[in-house]
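Novice: have a look; sequence and predicted model below, questions after that.
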Amino acid sequence: MEIQRVAVIIEDDADIRDLLNAVLQQSGFKVFTAPNGSEGVETVRLHNPTVVTLDLGLPDIDGFEVIRQLRQFSDAYIVMLTARAEELDTLMGLEAGADDYITKPFRPRELRARISAMLRRPRGESAADADRPVSAGDPSRTGSGAPVTEHAPASSAAPAAPAAPGTFAHNGLTLNPGTRTTEIEGKGVELTRTEFDLLQALLEGGRLVRTKTDLVRRLRGEEYDTGSFISDADERTVEVHVGNLRRKLGDDSKAPRWLETVRGVGYRLAPQA
Ligand code: CA
C-alpha cells in the first residue's frame, strides 16, 4: 500500500529538473527524475506515478511520442512543459493524451496550483470515497473535497437517470464515479482522468449547456464561477479533450449520441435516444 504520492519528472535541463523536483517535493510527492524520453517511460512504468511533468523538447524521442507510449499503460496526470509561442505543440500534446500544460519559464506557484487542483479532483482508486460503498444520494460523497457542481433543475433538464446507485447512464453509456470506470454497452472504455471528469460533468449537467469556461474551472477543481481568469488557450484545451473523448467513445459530432456541441458556447448531453 502506497501512501505517499509519486511524481516523475522527464526533463533534460538539470536546472529545471531541480526546480521541478523542489516544487513537487514541497507538495508532498516522492519524486523520480529522468533526463530523456526513453528513461522517462521506463521510470513511469516502474513507479506508477500520479503526476508526470514532461518537457516536450527531449534529446532522444519527441514528447508526443513519450505521451503516446505513457498512455499505453499509465493514467497519470501528465503536465507538459512547453516553450512559449508553441501553441501547436501544446494542442498536439493534448491530442496525444496529456492533461495540461505550463509554459516556460514557469512560476513554481503556477505549477503548485495546477497540481493541487488536480489532487482535488476525485480519483476512484485512491480517493477516500472509493473505500466506502457508494449508495445513491449519499451526501458524504460530495463532502470529501470533490468539486460540487450546480444541480440541474429537476424538470426538463434533469440529469441522466442513474442506472445503478451512484452511476450515470445515457444512451448505452454508463459512468461510475466510485470506480472511475466507463462502459459502452457493457464494454469498458479507457479514459484519461481529464476525459473522465469532463464526461462526468456533462452527464451531471444533462441537457443544460456547460460552457467551456465552466468546464475549465471544473478541471481546475474550482468552485463554480470564482471569477478567475480563463484564457482562450484554456478553452481550446477543453476542445481538444472533448475531441479525444469523442474519438474514444466513437461519438460523431455531427450526429452525437452523447456529446453535443453548442456552437460558440460549450457542450451538453445529446438527447435521450
Ligand atoms: Ca528540453
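Specialist: Alright, I've got the coordinates.

Novice: whichever residue of the stretch 151-273 of the chain sits closest to the ion: neighbour count?
Specialist: Using Cβ to the ion, residue 233 is the residue of the stretch 151-273 of the chain that sits closest to the ion, at 20.9 Å. Glycine gets a C-beta too; all of them are placed from N, C-alpha and C. By other Cβ atoms under 10 Å, the residues close to residue 233 number 13.

Novice: do residue 97 as well
Specialist: By other Cβ under 10 Å, 21 other residues sit near residue 97.

Novice: thinking it is in contact with residue 80, fair?
Specialist: No. Applying Cβ atoms under 8 Å as the test, residue 97 and residue 80 come out as separate, 10.5 Å apart.

Novice: wait, residue 116 touches residue 28, no?
Specialist: No. In this structure residue 116 lies outside contact range of residue 28 using Cβ under 8 Å: 9.9 Å.

Novice: contact partners of the longest helix along the chain?
Specialist: For the chain, the longest helix by residue count, based on DSSP state H, is helix 232-249. Identification of contacts with helix 232-249 by Cβ atoms under 8 Å, 6 or more residues apart in numbering yields 87, 90-91, 94-95, 97, 100-101, 173, 184, 189-192, 194-195, 198-199, 212-213, 215-216, 219, 251-253, 256-259, 267.

Novice: ok, stretch 252-262 next?
Specialist: Applying Cβ under 8 Å, 6+ apart, the contact partners of stretch 252-262 are 170-173, 199, 202, 209, 242, 245-246, 249, 251, 267-270, 273.

Novice: 10 Å - rerun?
Specialist: Residues from elsewhere that reach stretch 252-262 (Cβ atoms under 10 Å, 6 or more residues apart in numbering): 160, 170-173, 184, 198-199, 202-203, 207, 209-212, 239, 242-243, 245-246, 249-251, 266-271, 273.

Novice: where do the helices of the stretch 51-200 of the chain begin and end?
Specialist: All helices of the stretch 51-200 of the chain, identified by DSSP state H, counting those that start in this stretch, fall at 63-70, 87-96, 108-120, 193-205.

Novice: please, a PyMOL command that selects the buried ones among the contacts of helix 232-249?
Specialist: Command for PyMOL, covering only those of the contacts of helix 232-249 found buried under the criterion 16 or more other Cβ atoms under 10 Å:
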select buried, resi 90+91+94+95+97+100+101+173+184+189+191+192+194+195+198+199+212+213+215+216+219+251+256+257+258+259+267
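
Novice: for residue 3, the count of nearby residues, please.
Specialist: Using other Cβ under 10 Å, residue 3 has 6 neighbouring residues.

Novice: swap that for residue 204, sorry
Specialist: Neighbourhood size, residue 204 [other Cβ under 10 Å]: 21.

Novice: can you check residue 38 too?
Specialist: A total of 15 residues lie near residue 38 under the criterion other Cβ under 10 Å.

Novice: what is the neighbour count of residue 15?
Specialist: By other Cβ under 10 Å, neighbour count at residue 15 equals 8.

Novice: what ranges does the stretch 1-150 of the chain have for its strands?
Specialist: Per DSSP state E, counting those that start in this stretch, the stretch 1-150 of the chain carries strands over the ranges 6-10, 30-34, 51-55, 77-83, 100-104.

Novice: mean confidence (pLDDT) on the fourth one, please.
Specialist: Right, the one you point to is strand 77-83. Mean per-residue pLDDT for strand 77-83: 91.

Novice: any idea which residue of the stretch 1-150 of the chain lies closest to the ion?
Specialist: Using Cβ to the ion, the single residue of the stretch 1-150 of the chain nearest to the ion is residue 57, 3.8 Å away.

Novice: can I get stretch 254-271 in CSV, CA atoms only?
Specialist: Provided in CSV are the C-alpha atoms of stretch 254-271 (Å, rounded to 0.1, in the frame of the first residue of the first chain):
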residue,chain,number,x,y,z
LYS,A,254,-22.5,15.8,-36.4
ALA,A,255,-25.0,13.2,-35.1
PRO,A,256,-23.9,12.9,-31.4
ARG,A,257,-25.1,10.1,-29.2
TRP,A,258,-23.5,11.7,-26.2
LEU,A,259,-21.6,14.9,-26.6
GLU,A,260,-23.5,17.7,-28.4
THR,A,261,-21.6,20.9,-29.3
VAL,A,262,-23.5,24.1,-28.7
ARG,A,263,-21.7,26.4,-31.1
GLY,A,264,-19.8,29.3,-29.6
VAL,A,265,-20.8,28.3,-26.1
GLY,A,266,-19.9,24.8,-25.0
TYR,A,267,-21.3,21.3,-24.7
ARG,A,268,-24.2,19.4,-23.4
LEU,A,269,-25.5,15.8,-23.4
ALA,A,270,-27.3,14.7,-26.6
PRO,A,271,-31.0,13.9,-26.2
